[in-house]
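Undergrad: Just need the structure, nothing else, for what follows:
(one chain, ligands or ions: 1)
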Amino acid sequence: MIKLKNKKECTGCAACYNICPTKCIEMEADKEGFKYPFVDKGVCIKCGKCIGVCPQLKRQKNTDEKHEVYVCVNNDNQDVERSSSGGIFVLLARQILSAKGVVYGAAMDNDYQLKHTRVDNIDELEKLLKSKYIQSDIGFTYKYVKEDLTKNRNVLFCGTPCQISGLNNYLGKRYDNLLLVDFACHGVPSQKVFNEYLKCRNLNKCKHNYEISFRDKVNGWEEFGMSIRENNKIIYSKDRREDTFLKVFLNDIALRESCYTCIYKKSERISDITLADAWCINEYDANLYNSKGTSLIIIHTLNGEHTFAKIRNKMCINSVAEEYVIKYSYGMFHQPIKDRRRRKFYKQLGKKSFDKLAVKYDGINFITRVERKLNRTKKKYIKF
Ligand SMILES: Cc1cc2nc3c(=O)[nH]c(=O)nc-3n(C[C@H](O)[C@H](O)[C@H](O)COP(=O)(O)OP(=O)(O)OC[C@H]3O[C@@H](n4cnc5c(N)ncnc54)[C@H](O)[C@@H]3O)c2cc1C
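TA: So this is what the prediction gives:
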């Protein structure tokens, strides 16, 4: 029966939930709004499958057969505009869909709940695009991926490194027709944080056609912000320094407990391809800078290289030195430092208006600031 020594270690990847043969495991949200497995002991047959697939109990080996690092931008400006970084995910996804494959990624449902979602045609791909800065609900996605794989469909699964790890353990073996794409993950707040934020935006609950962007690029890629559109018209827009949700996200005060001890913060991964923002690329190679977004990508496997080769002619691309990645890709290597007020923040979440709470916990206290400075100096010792 699944039980971690420390609840804080559980990433909520849901591998145990997917593998359980008696469906005695439910993923239930705790007071902070993060989902954890709960076992119905009366139904559990103690088969141990949940323990066997838990990535925190059964660590995986890195997949690195290759180690190619590129900075690139999709040639189609519209694609770049509607993606978070340089629009590389959309190219990979189209490549898989054009070969009658399926793509899994995170999409908002009609009630603005983030869920992992299956897409099998190009018209529906739009809903997967762009980063949504909360933890997505995996549900039974790993089961659906396995069904597609065993029907010999090509599958692209994109998710946080811990979700990739959960899927890998659930499947138990590598499939040639599966492409795993992760990203340099900063960490994830809970759905509850976002729900509380939305209450302050006074959206009409009966309407389900608001388009929410966590990475709006009206003021450019670096100056991204939060926007809400209704029928293509902006009804709310604030940059990342002003928007209360983005402030809370970027301050690291509301991330899942396991994010602060994330075991995937390294260049070697268990995916085929890792995507990230190529921050500060204009300081390194101005030719590759695009004001609407530039991507950093790391290819880890022959499978990743094979698919990437098919989309290479659709982008402007150059290789970059490892020093650039170490210097600028903070999210790839560094665990976030927990703000010491995190517990208090979550205790008050839902009791006070979110906007007021975000103002109260704005800024970073002195000790956290020192801890973060020390964390950044670690880059000298990063192994690439
Ligand atoms: C929570 C989060 C934190 C991130 N932190 C960093 C960071 O610190 N540094 C950095 O360089 N890059 C970070 N990224 C990655 C970056 O924002 C881009 O997503 C990435 O560079 C790919 O850009 P793109 O333009 O190619 O594709 P995009 O169009 O942005 O597509 C991204 C893919 O990510 C999936 N996705 C979106 N949100 C989620 C989610 N919450 N959970 C799982 N999958 C999701 C989408 O379904 C889509 O498949 C983060 C992304 C997320 C979601």
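
Undergrad: Now the stretch 1-150 of the chain against the ligand: closest residue?
TA: residue 105 (2.6 Å; CB to the nearest ligand atom). Every residue, glycine included, has its C-beta placed from N, CA and C.

Undergrad: Ok, the chain next?
TA: In the chain, no residue comes nearer to the ligand than residue 331, which is 2.1 Å away by CB to the nearest ligand atom.

Undergrad: Surely that residue is in contact with residue 188?
TA: No - taking CB atoms under 8 Å as the definition, residue 331 is not a contact partner of residue 188, at 12.0 Å.

Undergrad: Settle it for me: which of the two has more neighbours?
TA: Remark: of residue 331 and residue 188, residue 188 carries more neighbours, 24 against 16, as counted by other CB atoms under 10 Å.

Undergrad: How about the more buried one: what's its closest non-neighbour residue?
TA: Residue nearest to residue 188 in three dimensions, not counting chain neighbours: residue 135, with 4.0 Å by CB to CB, 6 or more residues apart in numbering.

Undergrad: Name the helix or strand for that neighbour, please.
TA: Assessed by DSSP states H and E, residue 135 sits outside every helix and strand.

Undergrad: Can you tell me how far the closest residue to residue 32 other than its chain neighbours is from residue 369?
TA: Distance criterion CB to CB, 6+ apart; nearest residue to residue 32, sequence neighbours excluded, is residue 346 at 4.7 Å. Going from residue 346 to residue 369 by CB to CB, to the nearest Å gives 21 Å.

Undergrad: just residue 139 next, same as before
TA: Residue 139 sits 39 Å away from residue 369, taking CB to CB as the criterion.

Undergrad: So for the two, which sits in the more crowded spot?
TA: Neighbour totals were compared for residue 139 and residue 369, and residue 139 leads with 15 against 12 (other CB under 10 Å).

Undergrad: which residues does the more buried one contact?
TA: With contact taken as CB atoms under 8 Å, 6 or more residues apart in numbering, residue 139 is in contact with 14, 115-116.

Undergrad: Check residue 324 too.
TA: By CB under 8 Å, 6+ apart, residue 324 lies in contact with 71, 281, 284.

Undergrad: Could I have the CA atoms of the helix or strand hosting the residue nearest to residue 32 written out in PDB?
TA: Using DSSP H and E, residue 346 sits in helix 342-348. Taking Å, rounded to 0.1, in the frame of the first residue of the first chain, the C-alpha atoms of helix 342-348 are listed here in PDB:
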ATOM      1  CA  ARG A 342       4.400  29.600   2.800                       C
ATOM      2  CA  ARG A 343       2.400  27.900   5.500                       C
ATOM      3  CA  LYS A 344       0.800  31.100   6.600                       C
ATOM      4  CA  PHE A 345      -0.100  32.000   3.000                       C
ATOM      5  CA  TYR A 346      -1.900  28.700   2.500                       C
ATOM      6  CA  LYS A 347      -3.700  28.900   5.900                       C
ATOM      7  CA  GLN A 348      -5.200  32.200   4.800                       C
END
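
Undergrad: and the next element down the chain from it?
TA: Note on helix 342-348: by DSSP H and E, the next helix or strand toward the C-terminus is helix 354-360.

Undergrad: Correct me if wrong, but residue 176 is in a strand.
TA: No - under DSSP: H, G, I helix; E, B strand; the rest coil, residue 176 falls outside any strand and is assigned coil.

Undergrad: count of neighbours near it?
TA: If you count neighbours by other CB under 10 Å, residue 176 ends up with 10.

Undergrad: what about it, distance to residue 243?
TA: Distance of residue 176 to residue 243, given as CB to CB: 43 Å.

Undergrad: Write out the residues of the chain neighbouring the ligand.
TA: Within the chain, the residues that sit near the ligand (CB under 6 Å from any ligand atom) are 83-90, 105-106, 114, 128-134, 136, 158-160, 183-186, 188, 275-277, 295, 329, 331.

Undergrad: make it 5 Å
TA: Residues of the chain lying close to the ligand by CB under 5 Å from any ligand atom are 83-85, 87-89, 105-106, 128-133, 136, 158-159, 183-186, 275-277, 331.

Undergrad: Just the ones in helices from these, please.
TA: Among those, DSSP state H puts 88-89, 331 in helices.

Undergrad: now these as CSV including distance to residue 202 and pLDDT?
TA: Converted to CSV, these look like this (distance: CB to CB, whole Å; pLDDT from 0 to 100):
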residue, distance to residue 202, pLDDT
88, 36, 98
89, 32, 98
331, 32, 86
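
Undergrad: Dead centre of this protein: give me the residue that sits there.
TA: Nearest to the geometric centre of the chain sits residue 160, at 4.1 Å (CA atoms, centre = their mean).

Undergrad: about what we covered before: next step: the residues of the chain next to the ligand restricted to strands.
TA: Of these, the ones assigned to strands by DSSP state E are 105-106, 158, 183, 275-277.

Undergrad: Give the bridge partners for the residue lying closest to residue 136 once chain neighbours are set aside, please.
TA: Closest residue in space to residue 136, ignoring its immediate chain neighbours: residue 106 at 3.8 Å, by CB to CB, 6+ apart. Under DSSP bridges, the beta-bridge partners of residue 106 are residue 116.

Undergrad: Look at residue 106 and say how many residues are nearby.
TA: Using other CB under 10 Å, residue 106 has 23 neighbouring residues.

Undergrad: got the contact list for the residue lying farthest from the centre of the chain?
TA: Most distant from the centre of the chain: residue 42, at 34.9 Å, with distances by CA atoms, centre = their mean. Listed by CB under 8 Å, 6+ apart, the contact set of residue 42 reads residue 24.

Undergrad: domain assignment for the chain?
TA: As assigned by automatic domain parsing, the chain contains the domains 7-53, 67-384.

Undergrad: Of all those, which one is nearest residue 59?
TA: Distance to residue 59, taken as CB to CB, is lowest for domain 67-384 among these, at 7.4 Å.
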